[in-house]
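1. Sequence below, structure please.
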Amino acid sequence: MPLLDDVLNLLSLGVGDTGRLEHIKITLEENKSLYNSDEQYVRRLVDQHLSEKTETQYDMIGTIESKEISVPEKTQHSIHGNYESFPKFQSIKSISKLTIIILIMSISITLIYDMSNLMEINLLQSLDSGITISDDEIDANDLRVSVLSGVYTIIAFTSMIIFFIWFYKTYRNLPSLRAKELHYSARWVILRFFIPILWFYQPYRATKDIWKSSEPNIAESDKHSRDQMKTPILIKFWWAFWIVGNMIGWFYLRSLPTIMNIDSIGGYVAFSLMGVISDIPLIILDILTLILVLKISSNQEKKNEMLKSKIE
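-> Residues are numbered from 1 along each chain as shown. This is a model prediction of the structure:
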């Protein structure tokens, strides 16, 4: 396959967009259809760097007879990759560990809080049916619910803040992992989660940037090569549950005045049960976020080590 041979030679010389060439190589190796623009891109690079600037010769059947190639100093430099010319990679091991810990805490406290709410629902239903409940039991229930509610709220806000810090740091690392033509700057990427309308899709796009640019098997990436990469089902599910979680939060904020004015046991039980049910997608969201953090953090560290090893 002469075109694949051309791509391999271009990669060995370190010319062109490495990320795009890597994607073209994988496409050819898997016998998939290649875009005309990609084929023209390879042909153009061949004309510029192989036909005239090297002594590589092709025989009649498309195999390569390699002679000693004189590579210009600039090209030699690009073969090893000018690692120092990219921003310095900032390790995310510490923030990743902290994010993982707080997510596990969030999952745990949500489960405990929901079990506590179910216990309270059972107690209220007993009262509503005329069963006598001691004052000590009622006081113990109220204390448990109050404490867990406070812990639940603190961990929920803390996990959100820590996750955003992790997200910012992983996005900030992308240029050091040789990602080009990113959709956003790290400085403003977190704001996309809070701007009306934009929060619906732009954080999802930023997450795809992080995932694809952190892929260890791709040396460099640009907008074109990232667009050609498939978006993992994990990210799609994670974002779907993120939207659901936000809608649930919005619904509860809107419902607070109504909840505060409920004066019947039956009404309070109904809202409490709804709260327990609505926590299910939030628990799934935390689990998906945990997997996302583990995978991206691992990939970024691996890719950084890979790029450093190429220089050394």
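2. quick one: low-confidence ranges for the chain?
-> By pLDDT under 70, the low-scoring segments of the chain are 1, 19, 51-85, 253, 256-263, 311-312.
3. need the strands for it, in chain order.
-> Taking DSSP state E as the criterion, the chain carries its strands at 57-58, 64-65.
4. quick one, domains of the chain?
-> 2-80, 93-311 (automatic domain parsing).
5. Which one of those lies nearest to Phe86?
-> For Phe86, the closest of the domains of the chain is domain 93-311, at 5.1 Å, according to C-beta to C-beta. Just so you know, the C-beta spots here come from the backbone N, C-alpha and C atoms, and that holds for glycine as well.
6. Give me the most central residue, the chain.
-> With distances taken as C-alpha atoms, centre = their mean, the residue of the chain nearest its centroid is Thr207 (4.3 Å).
7. Around the nearest residue in space to that one that is not next to it in sequence, how many other residues sit close by?
-> Counting by C-beta to C-beta, 6 or more residues apart in numbering, Ile235 is the residue found nearest to Thr207 once chain neighbours are left out, at 5.7 Å. A count of neighbours around Ile235, defined by other C-beta atoms under 10 Å, yields 19.
8. now swap in Leu98 and tell me
-> For Leu98, the number of neighbouring residues by other C-beta under 10 Å comes to 15.
9. can I assume it is in contact with Ile162?
-> Yes. Contact criterion C-beta atoms under 8 Å: Leu98 and Ile162 qualify, at 5.8 Å.
10. can you map out the helices along the stretch 1-150 of the chain?
-> Secondary structure of the stretch 1-150 of the chain by DSSP state H, counting those that start in this stretch: the helices cover 2-13, 18-29, 36-45, 73-80, 93-128, 135-172.
11. For Lys212, give me its contacts.
-> Ile218, Ser221, Arg226, Met229, Thr231 (C-beta atoms under 8 Å, 6 or more residues apart in numbering).
12. separation between the fourth one and Ser221?
-> Separation of Met229 from Ser221 (C-beta to C-beta, to the nearest Å) stands at 8 Å.
13. if I look at those two, which residues touch both of them?
-> Contact with both Met229 and Ser221 is made by residues Lys212, Glu215, according to C-beta under 8 Å, 6+ apart.
14. Those two: which is more packed in?
-> Taking neighbours as other C-beta under 10 Å, Met229 and Ser221 compare with Ser221 leading, 29 against 17.
15. and that one, bridged to which residues?
-> Ala179 (DSSP bridges).
16. Identify the residues contacting it.
-> Ser221 makes contacts with Gly19, Arg178, Ala179, Lys180, Lys212, Ser213, Glu215, as judged by C-beta under 8 Å, 6+ apart.
17. cool, and Ser214?
-> Applying C-beta under 8 Å, 6+ apart, the residues contacting Ser214 are Thr170, Asn173, Leu174, Leu177, Ile296, Asn299, Gln300, Lys303.
18. Repeat the analysis, applying 6 Å as the threshold.
-> Taking C-beta atoms under 6 Å, 6 or more residues apart in numbering, we find Ser214 in contact with Ile296, Asn299, Gln300, Lys303.
19. Next: Ile102.
-> Thr158, Ser159, Ile162.
20. can you pick the most crowded of those residues?
-> Counting by other C-beta under 10 Å, top hit in the contacts of Ile102: Ser159 with 21 neighbours.
21. Surely it touches Ser106?
-> Yes. Between Ser159 and Ser106 a contact is recorded at 4.5 Å, counting by C-beta atoms under 6 Å.
22. from the middle of its chain, how far away would the helix ranked longest in the chain be?
-> When the chain is parsed with DSSP state H, its longest helix is helix 265-311. With C-alpha atoms, centre = their mean, to the nearest Å as the basis, helix 265-311 stands 10 Å off its chain's centre.
23. which other helices and strands contact it?
-> Here helix 265-311 is seen to pack against helix 93-128, helix 233-260 when contacts are counted using 3 or more C-beta pairs under 6 Å, 6 or more residues apart in numbering; DSSP states H and E.
24. and the angle from the shortest one to helix 135-172?
-> Between helix 233-260 and helix 135-172, the angle formed by their directions is 140 degrees, by axes from the mean of the first three to the mean of the last three C-alpha atoms, to 10 degrees.
25. Which neighbouring elements make contact with helix 233-260?
-> Where contact means 3+ C-beta pairs under 6 Å, 6+ apart, helix 233-260 is packed against helix 265-311.
26. give me that answer again for 8 Å
-> helix 202-213, helix 265-311 (3 or more C-beta pairs under 8 Å, 6 or more residues apart in numbering; DSSP states H and E).
27. roughly how far is it from the heart of the chain?
-> Offset of helix 233-260 from its chain centre (C-alpha atoms, centre = their mean): 19 Å.
28. Any chance you could list what contacts stretch 192-199?
-> Against stretch 192-199 from outside (C-beta under 8 Å, 6+ apart): Phe164, Tyr184, Gln202, Pro203, Ala206, Asn246.
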